[in-house]
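Q: Structure, please.
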Amino acid sequence: MSKVVVFNQTGGAEVLGFQDIQVPAPAANEVQIRVRAIGINRAEIMYRRGQYIYPPVFPARLGYEASGVVEAVGEDIHEFAPGDSVSVIPAFNFHDYGMYGKVVNAPGHAVVKHPESLSFEEAAACWMMYITAFGALVEYADIKPGDNVLINAASGCVGQAAIQIANWRGAKPIAMTRTSEKRDLLLKLGAAAVIASQEQDLVAEIERITNGAGVRVVFDPVGGPGVGKIAQAMSPRGIFFQYGLLDIRDLTIPLSAILGRRLTFRGYDIFEITADCEKLARAKQFLTEGLKSGQLKPPIDKVFPFAEIAKAHEYMEASGHVGKIVVTV
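A: Model (predicted):
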């Protein structure tokens, strides 16, 4: 038997409840894991509220990220064995799997042995943010030394992951945030420069910071009308990745900037990487190397016990965290 988190209607964190279920033996290509820690993600909040890319099917399960110890493996699983310490990558549908539980089954392609140097809490906090940043910055943009990279909402988990990856690749991470309140923190986290978009002239600041070169890559979860100013500060043949929708208004982009500089604007999400075996393999190799070497260090804001998982959701929705929210099991 395993205690798992379920919900039977959409709504606030109060709809989350616990249920004891009999976890079946792992099927072919599945790994059964005794969970030690769970990483909380914004996608799970949206799914619980009925605002995700697909609606919940009740009774609904939750959870993209977890770490723990292998209990058993299904047929065709050869790279894992009982007793292995592993973590789970978001590479599945909530209708099929959910990691919020004490014992769970996960698809084998979404399971990875994490570096021994990581705690279970850190291992549960890695994959969503780092693969999201890796896909845009490394797999597609192939950032290199000297590249200027503008990272919006930079104090968030994915933003921090992008700063770390940009620094590792020798690029210049320029952090964008609304006010100067988090300036010192972002500089401490590795940003080469910080722009407070509500207090400073964005275009002028980017021109100053880049010595007039502009930014080649933009990594943005916000969107909205403010993208027009960013477009004016991009370098010729620059690429803009929209990976979130914090501002639900449409993007407003001057045609003169798009055509005059031959800019590329595209939507992007983590599943472009995790649903492709070859890209996922490259992501695993790159990130495991970074985690092992210490170039990448998962930022953890706060840890909750499993019994308080609803409080962990409420804490995320309050949007005051800087780093990953983790639940220990």
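
Q: just the helices in the stretch 201-329 of the chain please.
A: Under the criterion DSSP state H, counting those that start in this stretch, helices of the stretch 201-329 of the chain are mapped to 202-209, 227-232, 255-261, 271-274, 277-293, 309-317.

Q: which parts of the third one are buried?
A: Neighbour-count burial for helix 255-261 flags 257, 261 (criterion: 16 or more other Cβ atoms under 10 Å). Backbone N, C-alpha and C define where each C-beta goes, glycine included.

Q: per-residue confidence for the residue nearest the centre of the chain?
A: Most central in the chain under Cα atoms, centre = their mean is Met129, positioned 2.5 Å from the mean C-alpha point. At Met129, the pLDDT value in this model is 95.

Q: closest to Thr177 out of the helices of the stretch 201-329 of the chain?
A: Checking the helices of the stretch 201-329 of the chain against Thr177 by Cβ to Cβ gives helix 202-209 as the closest, at 11.4 Å.

Q: Is the residue nearest to the centre of the chain located within a helix, as I assumed?
A: Yes. Counting by DSSP: H, G, I helix; E, B strand; the rest coil, Met129 is part of a helix.

Q: I'd assumed Gln164 was in contact with it.
A: No. With contacts counted by Cβ atoms under 8 Å, Met129 stays clear of Gln164, the gap being 9.6 Å.

Q: circling back to that earlier point, need the contact list for the residue nearest to the centre of the chain.
A: 157-158, 160-161, 298, 324 (Cβ atoms under 8 Å, 6 or more residues apart in numbering).

Q: cutoff 10 Å now
A: Contacts for Met129 (Cβ atoms under 10 Å, 6 or more residues apart in numbering) come out as 39, 41, 65, 156-162, 164-165, 270, 296, 298-299, 323-324.

Q: same question, Gly260
A: Gly260 touches 232, 236, 254, counting by Cβ under 10 Å, 6+ apart.

Q: Can you check the pLDDT for the first one?
A: With respect to pLDDT, Gln232 has a value of 94.

Q: residue contacts, it?
A: With Cβ under 10 Å, 6+ apart, Gln232 has these contacts: 202-203, 206-207, 214, 253-254, 256-257, 260-261.

Q: Kindly report the same for Ile270.
A: Residues near Ile270 by Cβ under 10 Å, 6+ apart: 41, 43, 64, 89-91, 127-136, 158, 243, 283.

Q: residues near the residue nearest to Glu30 when sequence neighbours are not counted, how many?
A: Once flanking residues are discounted, Glu30 sits nearest to Gly74: 4.3 Å by Cβ to Cβ, 6 or more residues apart in numbering. The burial count assigned to Gly74 is 16, neighbours taken as other Cβ atoms under 10 Å.

Q: Kindly report the same for Gly323.
A: Neighbours of Gly323 under the rule other Cβ under 10 Å: 17.
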